[in-house]
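A.B. asks: Show me how the following folds:
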Amino acid sequence: MNETNANSKVEMDQAPESRDKLICPRCGKPIDPKEKKCPHCGMKNNLIRCKACGATMAKSAKSCPKCGAKNKKPFYKCVSFWFVVVIVLLMVSCSTSKDGNSSSTAETKQGVVSSSTTTSSEAATSSTESTASEVEEEQPAEESSASIGQKNALRKAQQYLSAMPFSYSGLIKQLEFEGYSTEDATYAADNCDADWNEQAVKKAIIVGDAELEYLSQFEFIHSGCFAGLEGELPKLKGLNGIISFDFAEDEEFKEDSYLETVCPYIDIAQFSADDFTEEEIEAFAKHVCSYGTKYVLVTQGAKGQTFYDGTNFHKGVVHLIEPVDTMGAGDSFMTAFTMSMLERGWTKNSVLSAEAIKESFEIAAEFSANNCLQEGSFGYKKEY
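C.D. replies: So this is what the prediction gives:
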């Protein structure tokens, strides 16, 4: 079993699927169907391949998220199959007990029934074809030419939009998280008839006097790049609590235009950057601070973590374990690290000693490791 860093961020990009391998939805790497859990990230293997398109899907899934094919049980595991078997055996037993005349009569009746059934079947087929033709005529040309995966993605996108607001890119990422390809997710976002300006208004969070009064009670206030709060951050600048902001791992949130919008109004910027070298991390942290933030925390999976206090760089520790599920490893590390710093006297206008930062790194690594020793929620969604 490969050791996995408890602090690693899970990559959601899926690799191309091979003929005899499953693709782990957590880390995107191929795994053998016989494995009880992914040897790369430790996720429990409750996966199968879709019989229709070959895509990886959960055993408990009712249908394939890629092609929409139903996830049917083997016929011999269905109660209805054995019910039919019993009925057939009873019918055979009864028919063999009859004499030739009875058999002839039965054959005659069967012929009538078969003829009647054939006629009914032809009529039903004709009716079905007629109905299908009418439906196709009513559908827009673009929708009728869409693939099954695109239609399923579009249906899911409309369900999401009916429940909550999304940005264009946010909707695509959510659909990709659900297992749809980038092509199908983009098709859904392009054809869901959403008014993105209206969605932005719905998604926006307005911080008024009541909210500011409430937030003023706290020593630490956390937000992130998916909260839609960028335009309200200037209002938080005057609060006594430390303002924390999670930039996640997406490249778009590391661009100068975004850093310039956010960094002047926060105290600590948190990033995930597994692919950065040590030199790149240090250069990037200084660059981020040049926009106004005081501190930068970067997690790098197995490479550890780096905390920049505006003057000095502090390196974190790595606890290698055999995880059950790495979901939330990075978030739990960031939470434990910042909370431990607060307990040691960290405030908006103070800098902790190197020893206090080192202790916080150790506590955070241990907390994150323990978090990975229990099942997360990925792959265990609840129907409602």
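
A.B. asks: Mind jotting down where the helices sit in this protein?
C.D. replies: All helices of the chain, identified by DSSP state H, fall at 79-96, 100-138, 141-144, 148-163, 168-177, 182-191, 196-203, 209-215, 233-236, 256-262, 278-289, 329-343, 354-371.

A.B. asks: looking at these, which has the lowest confidence?
C.D. replies: Set side by side, the helices of the chain give their lowest mean pLDDT on helix 100-138, at a mean of 45.

A.B. asks: residue contacts, Leu212?
C.D. replies: With contact taken as CB atoms under 8 Å, 6 or more residues apart in numbering, Leu212 is in contact with 235-236, 239. Just so you know, the C-beta spots here come from the backbone N, C-alpha and C atoms, and that holds for glycine as well.

A.B. asks: Swap in 10 Å and give it another go.
C.D. replies: With contacts taken as CB atoms under 10 Å, 6 or more residues apart in numbering, Leu212 has the following neighbours: 232, 235-236, 238-239.

A.B. asks: Scan the residues you listed and report the most crowded one.
C.D. replies: Within the contacts of Leu212, neighbour counts (other CB atoms under 10 Å) peak at Leu236, which reaches 21 neighbours.

A.B. asks: neighbours around the residue nearest to that one when sequence neighbours are not counted, how many?
C.D. replies: With sequence-adjacent residues excluded and distances taken as CB to CB, 6 or more residues apart in numbering, Leu236 is closest to Ile243, at 5.4 Å. Taking other CB under 10 Å as the neighbour definition, Ile243 ends up with a count of 22.

A.B. asks: you'd agree Ile243 is up against Gln270?
C.D. replies: No. Proximity of Ile243 to Gln270 does not meet the contact threshold set by CB atoms under 10 Å, at 11.5 Å.

A.B. asks: Next, show the common contact partners of those two.
C.D. replies: Overlap of the contact sets of Ile243 and Gln270 (by CB under 10 Å, 6+ apart) consists of His222.

A.B. asks: okay if I get the contacts of Leu212 as CSV plus distance to Ser360?
C.D. replies: CSV is the format used below for the contacts of Leu212 (distance: CB to CB, whole Å):
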residue, distance to Ser360
Glu232, 29
Lys235, 29
Leu236, 24
Gly238, 27
Leu239, 23
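
A.B. asks: Identify, from those residues, the entry nearest to Gly301.
C.D. replies: Ranking the contacts of Leu212 by separation from Gly301, with CB to CB as the measure, puts Leu236 on top at 30.3 Å.

A.B. asks: contacting residues around the closest one?
C.D. replies: Leu236 sits next to 207, 211-212, 215-216, 221, 223, 229, 243, 245, 265-267 when contact means CB under 10 Å, 6+ apart.

A.B. asks: change it to 7 Å
C.D. replies: 215, 221, 243, 265 (CB atoms under 7 Å, 6 or more residues apart in numbering).

A.B. asks: Just give the nearest non-adjacent residue to the last one, would you?
C.D. replies: In this case it means Tyr265. Take Tyr265 and drop its neighbours on the chain: the residue closest to it by CB to CB, 6+ apart is Leu233, 3.9 Å away.

A.B. asks: Model confidence at Met14, what's the number?
C.D. replies: No, residue 14 isn't Met; it's Gln. Gln14 is assigned a predicted lDDT (pLDDT) of 40.

A.B. asks: out of the contacts of Leu236, who has the most neighbours?
C.D. replies: Busiest of the contacts of Leu236 [other CB under 10 Å] is Ile243, holding 22 neighbours.

A.B. asks: What's opposite that one in the beta bridge?
C.D. replies: When bridges are taken as DSSP bridges, the partners of Ile243 come out as Ile221.

A.B. asks: any idea how far Gly170 is from Thr326?
C.D. replies: 24 Å (CB to CB, to the nearest Å).

A.B. asks: Between the two, tell me which one has more neighbours.
C.D. replies: Summary of the neighbour comparison: Gly170 and Thr326, criterion other CB under 10 Å, with Thr326 having more neighbours (28 against 16).

A.B. asks: shouldn't that one be in contact with Asn371?
C.D. replies: No. Using CB atoms under 7 Å, Thr326 makes no contact with Asn371, being 8.7 Å away.

A.B. asks: Tell me which residues touch the residue nearest to Tyr265, please.
C.D. replies: Per CB under 7 Å, 6+ apart, neighbours of Leu233: 262, 265-266.

A.B. asks: How about Gly241?
C.D. replies: 215, 218-221.

A.B. asks: Distance-wise, check the residue nearest to Leu236 relative to Pro234.
C.D. replies: Distance check for Ile243 against Pro234: by CB to CB, it reads 11 Å.

A.B. asks: cool, Leu373 as well?
C.D. replies: As for Leu373, its distance to Pro234 is 41 Å (criterion: CB to CB).

A.B. asks: With Phe247 instead?
C.D. replies: Computed as CB to CB, the Phe247 to Pro234 distance reads 18 Å.

A.B. asks: Likewise for Asn312?
C.D. replies: Taking CB to CB as the criterion, Asn312 is separated from Pro234 by 29 Å.

A.B. asks: Let me see the confidence value for Ala55.
C.D. replies: At Ala55, the predicted lDDT confidence score is 79.

A.B. asks: got a list of what Cys225 touches?
C.D. replies: For Cys225, the contacting residues are 246-248, 253, by CB under 7 Å, 6+ apart.

A.B. asks: Which phi and psi values does it adopt?
C.D. replies: phi -70, psi -10 (degrees, to the nearest 10).

A.B. asks: burial count for the spatially closest residue to it that is not a sequence neighbour?
C.D. replies: Beyond its immediate neighbours in the sequence, the residue positioned closest to Cys225 (CB to CB, 6+ apart) is Phe253, lying 4.7 Å away. Applying the criterion other CB under 10 Å, we find 18 residues in the vicinity of Phe253.

A.B. asks: from memory Phe253 sits against Phe247, does it?
C.D. replies: Yes. A contact is recorded between Phe253 and Phe247 when judged using CB under 7 Å, the distance being 4.4 Å.

A.B. asks: Brilliant, that's me finished.
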